[in-house]
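J.: below are the sequence and a predicted model; questions follow.
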Amino acid sequence: MENNNVNQNSGAEEVTAAELNEQMQVRRNKLAYMRANGFDPYKITKFDFTAYSQDIFDSYNDGDEITVKIAGRLMSKRIMGKASFAHVRDAKGLIQLYVRRDDIGVDEYMAFKQMDIGDIIGVEGFVFRTQTGEISVHAKSVKLLSKSLIPLPEKFHGLSNVDMRYRQREVDLIVNPEVKDTFIKRSQILKEIRNYLDSKDFLEVDTPILVPLEIGASARPFKTHHNTLDMDMYLRIETELYLKRLIVGGMNRVYEVGRIFRNEGMDTKHNPEFTTIELYQAYTDYHGMMDLVEELYTMLAEKICGTTKITYQGVEIDMGHWERLTMAEAVKKYAGVDYYDWKSDEEARACAKEKHVEVPEDATKGTVLVEFFDAFVEANLIQPTFIYEYPVENSPLAKRKPDEPEFTERFEYFINATEFGNAFSELNDPIDQRERFEKQVAKKLEEEPDSKAQVDYEFVTALEYGMPPTGGLGFGIDRLVMLLTDSASIRDVLCFPTMKPKN
């Protein structure tokens, strides 16, 4: 039979499949008995509870006469003849119950004794403090509201169970209630971001998730088919182009919090579907976006963590202090190589060879600079750092720097050696944009002949109507939540991360 104590089988091996099946059968037999005697817990439609556990802890003073109704999951039960102790977990915590046969009646007490760990119950009673000082509820009524047919896991921590935790997040949340704190903070982070942007007169909008063409970007999309239109469609890999079309239309400050889908690899920082926020502000540039990021992230650290000096995986990070370096300055600082010493593409490639940095045979100076950055710089960017002025070769949507057209007005920002966001002074020259798109698509088709990549000429046409000077920014919500909750993996901050089915 199932052990109903909260520390059941402490230190023992996990139950075998046969034992689990036996426990499940016991629970089903109990349900069948209840139904045979005219009671079906699944037909109960509501329970008017009046308080959460934490509310009781916060408001109770000794001597108060407070009657409450609470509801939650039975997490422990200790039967002691005519009286019993139990614990119920609700949305805000765990609270103890004191249940006596003489208070709730013989029949109800017998029914309580037959309840299993994991059952959902409703309790009415009064609040008191036990002799050991624990604020508890003295039950006057205990009702079964929903029957749990599967025993809760006895062990849910450790590497052996991490796969199960992600697959069955609902069970993870029951057994490891601290996990919920991460998702509460995720919600708070999104709320604070929206409050901040709304206060700056940004307007939240929605743009299509299903798009009609595969663009030339390097990200690989998911493909589907629309039956009525008889056409292939793609899940979006970004929200950028539609948002900028709204800027063209006169909506000067817009943002979207949206799911993005990329048919690519998975690791601790990547999931095939993830959440980003992209925002666009007319009449500003990439420096304006830097100021916005620094102000926003500093505010978030203070609101969510209570301080700008946070700890991530044992590393202290000062979210209130940001360094700003051009990519050329960063490469010179960390690799000892000066971009401006290269007089030609050939000299750049020779320098790369000397420093054992692999580059394509036809690499330009800009391409070589990016490879040096990847090889020598990124791993050193532990504290918050803006890297700006990227080569035009890898920035097809950014505006060229007027006095150095080989560079663009673009930045990325890095924390703990990880890229967190990307921003531009947006390219608004439709002729230049068309040329870059066409080169991008041609390159992709050369590398992947089976690709269906196309130029988004509708976007180019939108630019031809005229887009004001605009600053744009995109960053991943999931990585930000990882940072502010000290979570090691993106799967820890997604309620239901992508998993390969077991069967």
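T.: That came through fine. Bear in mind that the values here come from a model prediction, so they are computed numbers and not experimental data.

J.: and the most centrally placed residue in the chain, how far is that from Thr284?
T.: Among the residues of the chain, the one closest to the centroid is Asp478, at 3.4 Å (Cα atoms, centre = their mean). Distance of Asp478 to Thr284, given as Cβ to Cβ, to the nearest Å: 26 Å. Backbone N, C-alpha and C define where each C-beta goes, glycine included.

J.: ok, now Met34?
T.: Note on Met34: its distance to Thr284, by Cβ to Cβ, is 65 Å.

J.: what does Val137 give?
T.: Distance of Val137 to Thr284, given as Cβ to Cβ: 56 Å.

J.: more neighbours, those two?
T.: Shown here are Val137 and Thr284; by other Cβ atoms under 10 Å, Val137 has more neighbours (26 against 20).

J.: give the contact list for the more buried one.
T.: Applying Cβ atoms under 8 Å, 6 or more residues apart in numbering, we find Val137 in contact with Ile56, Val68, Ile70, Ile95, Gln96, Leu97, Tyr98, Val123, Gly125, Phe126, Val127, Phe128.

J.: which one is Phe128 nearest to, not counting chain neighbours?
T.: Leaving aside its chain neighbours, Phe128 sits nearest to His138 (5.4 Å; criterion: Cβ to Cβ, 6 or more residues apart in numbering).

J.: quick check: phi and psi on that neighbour?
T.: Main-chain dihedrals, His138, degrees, to the nearest 10: phi -90, psi 110.

J.: re earlier: please, which helix or strand holds the residue nearest to the centre of the chain?
T.: Assigned by DSSP states H and E, Asp478 falls within helix 477-485.

J.: so what's the gap between that helix and the chain middle?
T.: Centroid displacement of helix 477-485 relative to its chain, using Cα atoms, centre = their mean, to the nearest Å, is 7 Å.

J.: circling back to that earlier point, got a list of what the residue nearest to Phe128 touches?
T.: Listed by Cβ under 8 Å, 6+ apart, the contact set of His138 reads Tyr98, Arg100, Asp103, Gly125, Phe126, Val127, Phe128.

J.: and the pLDDT at the closest residue to the second one other than its chain neighbours?
T.: Using Cβ to Cβ, 6+ apart and skipping the chain neighbours, the partner closest in space to Arg100 is Ala83 (4.6 Å). pLDDT, Ala83: 95.

J.: Asp345 now?
T.: Value for Asp345, per-residue pLDDT: 96.

J.: how many other residues sit next to it?
T.: Other residues lying near Asp345 total 16 when counted by other Cβ under 10 Å.

J.: would you confirm that it contacts Lys365?
T.: Yes. Under the criterion of Cβ atoms under 8 Å, Asp345 makes contact with Lys365 at 5.5 Å.

J.: how about the residue nearest to Val205 when sequence neighbours are not counted, what does it touch?
T.: Spatial nearest neighbour of Val205, chain neighbours left out: Val254 (5.2 Å); criterion: Cβ to Cβ, 6+ apart. Contact partners of Val254, counting by Cβ under 8 Å, 6+ apart, are Phe202, Leu203, Glu204, Val205, Leu243, Leu246, Ile247, Leu279, Tyr280.

J.: I'd like to know how far Lys355 sits from Ser141.
T.: On the measure of Cβ to Cβ, Lys355 and Ser141 end up 76 Å apart.

J.: likewise for Val162?
T.: In terms of Cβ to Cβ, Val162 sits 40 Å off from Ser141.

J.: list the contacts of the helix or strand of the chain at the bottom of the mean pLDDT ranking.
T.: None of the helices or strands of the chain scores lower by mean pLDDT, DSSP states H and E than helix 162-167, at a mean of 86. With contact meaning Cβ under 8 Å, 6+ apart, helix 162-167 is reached by Pro153, Phe156, Val171, Asp172, Asn176, Val179, Arg491, Phe496, Pro497, Met499, Lys502.

J.: same check on stretch 335-346?
T.: 328, 331-332, 347-348, 351, 355, 363-365, 368-369, 372, 375-377.

J.: these in strands, which ones?
T.: Among those, DSSP state E puts none in strands.

J.: how about those, which pair is most distant?
T.: Farthest-apart pair in the contacts of stretch 335-346 is Glu347 and Val377; separation 20.1 Å (Cβ to Cβ).

J.: who has more neighbours out of these two?
T.: Each of Glu347 and Val377 has its neighbours counted (other Cβ under 10 Å); Val377 has more, 22 against 13.

J.: can you pull the contacts of that one?
T.: Applying Cβ under 8 Å, 6+ apart, the residues contacting Val377 are Ala330, Val331, Lys333, Tyr334, Ala335, Ile387.

J.: for this protein, which spans come out with low pLDDT?
T.: Across the chain, the ranges flagged by pLDDT under 70 are 1-15, 154-160.

J.: confirm that Ser136 sits in a strand.
T.: Yes. Per DSSP: H, G, I helix; E, B strand; the rest coil, Ser136 lies within a strand segment.

J.: leaving out chain neighbours, which residue sits closest to it?
T.: Nearest non-adjacent residue to Ser136, counting by Cβ to Cβ, 6+ apart: Gln96, 4.0 Å away.

J.: from memory that neighbour sits against Thr132, does it?
T.: No. Gln96 lies out of contact with Thr132 (Cβ under 8 Å); the separation is 9.7 Å.

J.: so which of those two has more stuff around it?
T.: Gln96 (17 against 7).

J.: surely the more buried one is in a helix?
T.: No. Using three-state DSSP, the assignment for Gln96 is strand, not a helix.

J.: any idea how far it is from Arg262?
T.: For Gln96, the distance to Arg262 equals 48 Å [Cβ to Cβ].

J.: contacts only, for Glu464.
T.: Pro430.

J.: quick one on the thing from earlier: the residue nearest to Arg100 contacts Tyr109, correct?
T.: No. The pair Ala83 / Tyr109 is not scored as a contact, 9.2 Å apart, by Cβ under 8 Å.

J.: these two: who's more crowded?
T.: Tyr109 (21 against 14).

J.: what does stretch 119-129 contact?
T.: Contacts of stretch 119-129 (Cβ under 8 Å, 6+ apart): 47, 49, 56, 60, 62, 64-74, 88, 97-98, 115, 135-148.

J.: again, only this time at 6 Å
T.: With contact meaning Cβ atoms under 6 Å, 6 or more residues apart in numbering, stretch 119-129 is reached by 47, 56, 60, 62, 66-67, 69-71, 73-74, 135, 137-148.

J.: ChimeraX command for the buried members of the contacts of helix 162-167?
T.: Buried subset of the contacts of helix 162-167, written as a ChimeraX selection, criterion 16 or more other Cβ atoms under 10 Å:
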select :153,156,171,172,179,491,497
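
J.: mind listing the strands the strand ranked longest in the chain pairs with, and their directions?
T.: Identified as the longest strand of the chain according to DSSP E is strand 67-80. Take DSSP bridges as the rule and strand 67-80 pairs in its sheet with strand 83-90 (antiparallel), strand 120-129 (antiparallel).
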